[in-house]
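Student: Need the 3D shape of this:
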Amino acid sequence: MRQETVSKDITVIGGGLAGICAAIAAARLGQQVALVQNRPVLGGNSSSEVRVWVCGATAHGINRYARETGIMGELFLENQYRNPEGNPYIWDLVMLEAVKAETNITLYLNTDVHEVEAVGDESDRIITAVTGWMMGSERRIRFESPVYLDCTGDGLIGFLAGARFALGREARSEYGEEWAPEIADNITLGSTLLFYTKDAGMPVSYVPPSFAKDISQTSIPLRRVIKSGDSGCHYWWIEWGGEHDTVHDNELIRDELWSVIYGIWDYIKNSGKFDADNMTLEWIGSLPGKREYRRFTGDYVLNQNDIISQREFPDAVAFGGWSIDLHPPQGMYAEASGSKHLHADGVYHIPFRSLYSVNVRNMLMAGRDISASHVAFGTTRVMATCAVIGEAAGTGAALCAAKGIPPRELHAGHLEELQQTLLRQDASIIGLRSSDAGDLARSARVTASSTLTGISITQPGDSHPLEADVALLLPVDPALDGLELLLDVAGDTEITVELWDTGRKENYVPKTLQSAATVQLAKGEAQWVTLPLMWRPAEPQNAFIIIKANAALTLYHAVEAHSGVLIFFKTEESHVSKELEDHSPDQPVVLWQMQGFTRRPFCCRTLAPTAAYEADKTVNGYHRPFGGPQQWSSELIEDGRPEWLQLEWEQPQTLAEIHFTFNDDVNEDLVNLHHHRTPFRILPELVRDYRVEVLGTEGVWSEIAHVAGNRRRKNVHRLDTPVQALAVRIWIEATNGSRYAEVLEVRAYAEAASMGRS
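Tutor: From the prediction side, this is the model:
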């Protein structure tokens with residue numbers, strides 16, 4: 001047996017998305033990281049071994065402007081480009097390449113950590129080493145670090161270290177959660193196996209194995225949706241084990257799931273109820289995808305009330321937006337729907353105090369084992385949310401390692417540094433404004449070649465009969481002094497509109513009525529109708545304008561998207577089958593949805609100028625929509641002319657590093673294995689070709705960077721030799737399809753501090 005000892009600044013155990021993002025985040029901040037994974041591939045439940053969709057705050061498009069940024073955002077964008085077919089093996093490659101690109105990460109695959117050395121009493125433990133066995137290589141490896149991250153999902157490392165944890169469902173009285181049971185129990189969410197099918201192009205027979213379950217003798221065909229041609233995560237509801245121990249009974253659970261999958265396929269192929277003659281099984285999972293096990297106790301336990309109230313935490317370091325999604329204990333055999341969902345009015349916030357152990361001094365956690373109640377865990381468990389939690393925990397671990405302090409001390413004395421570091425790295429925090437004292441861009445005067453000063457969406461495409469209420473969301477900055485809509489009017493009638501605010505700036509649902517108007521209309525086609533809606537909010541925010549149903553009226557969809565402008569459709573029923581999922585339609589984000597019209601707003605014009613797209617938005621501290629688009633946008637680009645954005649200082653500045661964050665439309669819902677197909681490999685709004693110049697103290701412009709074929713949201717340019725400059729200018733020569741040049745944020749630094757990709 002080969003014995004080894006590895007000493008690193010940080011050891012991350014678990015190579016799912018939480019562990020990947022934690023390791024990359026820490027490595028980019030200059031720390032040496034060991035990333036230890038017990039499987040031959042990275043990705044955890046999202047890998048080709050399990051093949052679960054990477055879902056997150058968008059909630060399959062229910063939440064607006066909610067797609068994750070930072071490292072998870074990079075993975076989404078790269079996968080969209082490299083893997084438009086949603087091939088699970090290409091997704092494996094995207095994740096592996098992201099890890100291998102970081103020279104500060106040493107990756108240990110096939111290494112199962114099952115020994116932990118810790119010292120101290122029950123209330124104050126310290127991990128001194130963890131040891132793993134590298135399967136197939138006969139290597140016993142001891143990992144020594146001052147900081148450890150448990151990203152194992154099941155929480156094995158913290159458990160062996162003596163970390164406090166919860167398992168099962170808390171009683172309702174513990175956190176005052178409406179969805180908790182009256183009495184605590186050990187029930188968890190179950191595990192799932194998935195399967196893939198394909199059309200063989202010729203008849204294929206199927207003889208089920210002896211252990212296949214006859215599902216016609218179960219409630220499954222009556223309570224669940226089975227279709228020939230569906231595969232993968234369409235069968236997420238093949239779930240079982242919630243009334244068992246999902247770790248110690250893992251083999252039992254797998255065997256039961258196998259028996260049902262082979263039985264479902266027997267039902268599809270041989271019952272005569274489906275058109276499946278040419279269909280064959282292509283792949284069946286052998287590793288159950290676990291949803292829930294241990295949840296460690298941190299300095300704060302996130303609970304249902306925090307989620308639904310969208311509680312604002314002073315130590316917010318990440319966000320989520322998936323519904324509280326709980327499943328019946330009986331899983332696929334339950335009489336109830338496969339899941340029930342409780343949505344907040346928008347995204348919610350996750351505190352740093354939930355990412356480190358209350359009693360193991362040098363352990364942070366990320367993924368599904370963070371400090372949350374069973375009910376709150378029903379939303380934090382989805383993988384894109386686990387990923388942004390991982391980036392936050394990894395960033396915290398890097399600062400702890402650099403300063404030689406535990407996470408609790410980092411929270412107490414260096415919280416602002418943690419949050420500002422996350423923002424600098426483009427991490428997923430909503431509503432937190434940059435206050436980075438080192439960012440020279442904050443003191444610059446910003447100008448542009450042109451600026452979009454009004455919303456004028458005038459090129460009509462498909463018509464839309466106004467048979468039900470619809471809504472239009474647009475930024476109001478500083479005021480709305482009337483709105484025009486393009487309408488067909490079948491006969492003399494009237495149109496009624498209501499203007500609502502959205503309450504919180506991260507929300508996109510109607511909250512408080514601010515104005516209303518009814519206008520008499522005469523018969524006519526394609527006429528611009530003026531609506532006397534007036535609103536001057538105390539500070540810039542979005543207006544949610546409801547257009548009341550009238551069968552005599554027809555609106556027009558525009559032929560292209562417009563940043564900051566969305567449309568919604570009112571639905572009285574849940575958007576999915578009650579047999580599978582139960583989303584109550586009285587929840588605002590369920591009631592108002594985009595229904596596939598993400599990039600097709602209604603033709604409209606505002607009558608007053610807007611400041612929502614001014615150049616100085618790029619240095620206002622926000623890097624994603626929040627109460628408005630928070631970006632610079634040029635006027636419509638004509639004749640292929642380049643547009644420019646310029647930062648200018650009164651006195652020369654030393655420039656060593658310049659950051660540009662481009663618009664990747666975080667309203668667009670991307671899913672790694674394609675729950676739905678997106679028609680483009682690169683987001684059209686992303687800047688494609690650009691060059692960067694600096695104005696030296698002698699008054700001469702010099703080019704310092706020229707990029708062609710960009711497909712990234714964030715680009716960092718580091719100068720080999722810092723320069724003295726009076727101004728910096730970016731020339732945008734082409735986008736990836738949009739007719740506007742758009743930039744979200746510009747940063748400039750006198751020292752090249754960040755370690756990420758450039």
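
Student: what about the closest residue to P625 other than its chain neighbours, which SS state?
Tutor: Among residues not flanking P625 along the chain, Y65 sits closest, at 4.2 Å (CB to CB, 6 or more residues apart in numbering). For every residue, glycine as well, the C-beta is placed using N, CA and C. Classification of Y65 by DSSP: H, G, I helix; E, B strand; the rest coil places it in coil.

Student: Quick one: the strands in the stretch 251-400 of the chain, in order.
Tutor: For the stretch 251-400 of the chain, strands defined by DSSP state E, counting those that start in this stretch occupy the ranges 279-284, 289-290, 295-296, 316-320, 324-326, 339-342, 348-351, 363-365.

Student: Find the one among those strands with the highest mean neighbour count.
Tutor: Most buried of these by mean neighbour count (mean count of other CB atoms under 10 Å) is strand 363-365; its value is a mean of 30.

Student: any residues touching that strand, and which ones?
Tutor: 22, 127, 147-151, 155, 157-158, 161, 163, 296, 298, 355-357, 371, 393, 396-397, 400, 407 (CB atoms under 8 Å, 6 or more residues apart in numbering).

Student: Identify those among the residues you listed that sit within helices.
Tutor: Judged by DSSP state H, the subset of the contacts of strand 363-365 located in helices is A22, I157, G158, A161, A393, G396, A397, C400, P407.

Student: And for the first one, the neighbour number?
Tutor: Using other CB atoms under 10 Å as the criterion, A22 is surrounded by 37 other residues.

Student: end-to-end on stretch 664-683?
Tutor: Across its full length, stretch 664-683 reaches 6 Å between end residues, using CA to CA, to the nearest Å.

Student: Buried residues, that stretch. List them.
Tutor: 664-675, 682-683 (16 or more other CB atoms under 10 Å).

Student: and what of stretch 237-247?
Tutor: By 16+ other CB under 10 Å, the buried positions in stretch 237-247 come out as W237, I238, E239, W240, G241, G242, H244, T246, V247.

Student: Save the residues you listed as TSV, and put in secondary structure, pLDDT and distance to V54 too.
Tutor: As requested, the buried residues of stretch 237-247 are exported to TSV (DSSP: H, G, I helix; E, B strand; the rest coil; pLDDT from 0 to 100; distance: CB to CB, whole Å):
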residue	secondary structure	pLDDT	distance to V54
W237	coil	95	18
I238	coil	96	19
E239	strand	97	18
W240	strand	97	23
G241	coil	97	22
G242	coil	96	23
H244	coil	97	27
T246	coil	97	21
V247	coil	97	23
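
Student: Closest one to D462 out of those, please.
Tutor: Nearest to D462, judged by CB to CB, of the buried residues of stretch 237-247 is W237 at 34.6 Å.

Student: nearest residue to the closest one other than its sequence neighbours?
Tutor: G338 (3.9 Å).

Student: dump the residue contacts of that neighbour.
Tutor: Counting by CB under 8 Å, 6+ apart, G338 has contacts R224, W236, W237, E239, H327, P328, M332, E579, L580, E581.

Student: What separation is there between it and D436?
Tutor: Remark: distance between G338 and D436 (CB to CB, to the nearest Å) = 45 Å.

Student: what do you get for L193?
Tutor: Distance of L193 to D436, computed by CB to CB: 46 Å.

Student: quick one on the thing from earlier: can I get the buried part of the contacts of strand 363-365 as one ChimeraX selection?
Tutor: Here is the ChimeraX command that picks out the buried ones among the contacts of strand 363-365, judged by 16+ other CB under 10 Å:
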select :22,127,147,148,149,150,151,155,157,158,161,163,296,298,355,356,357,371,393,396,397,400,407
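
Student: Quick one: closest of the strands of the stretch 251-400 of the chain to L422.
Tutor: L422 lies closest to strand 316-320 among those, at 6.1 Å (CB to CB).

Student: returning to what we had before: and L193 and D436? which has more neighbours close in?
Tutor: Neighbours were counted for L193 and for D436 using other CB under 10 Å; L193 has more, 23 against 17.

Student: pretty sure the more buried one contacts I261?
Tutor: Yes - with contact defined as CB atoms under 8 Å, L193 counts as touching I261 (6.0 Å).

Student: Give the residue spans of this structure that score low on pLDDT.
Tutor: Under the criterion pLDDT under 70, the flagged ranges of the chain are 573-579, 754-758.

Student: again, 90 this time
Tutor: By pLDDT under 90, the weakly predicted segments of the chain are 1, 222-223, 227-232, 428, 571-586, 595-598, 638-641, 673-679, 752-758.

Student: Against Q527, how distant is the residue of the chain most remote from its centre?
Tutor: Distance to the chain centre peaks in the chain at D492, reaching 46.5 Å (criterion: CA atoms, centre = their mean). To Q527, D492 is 13 Å away according to CB to CB.
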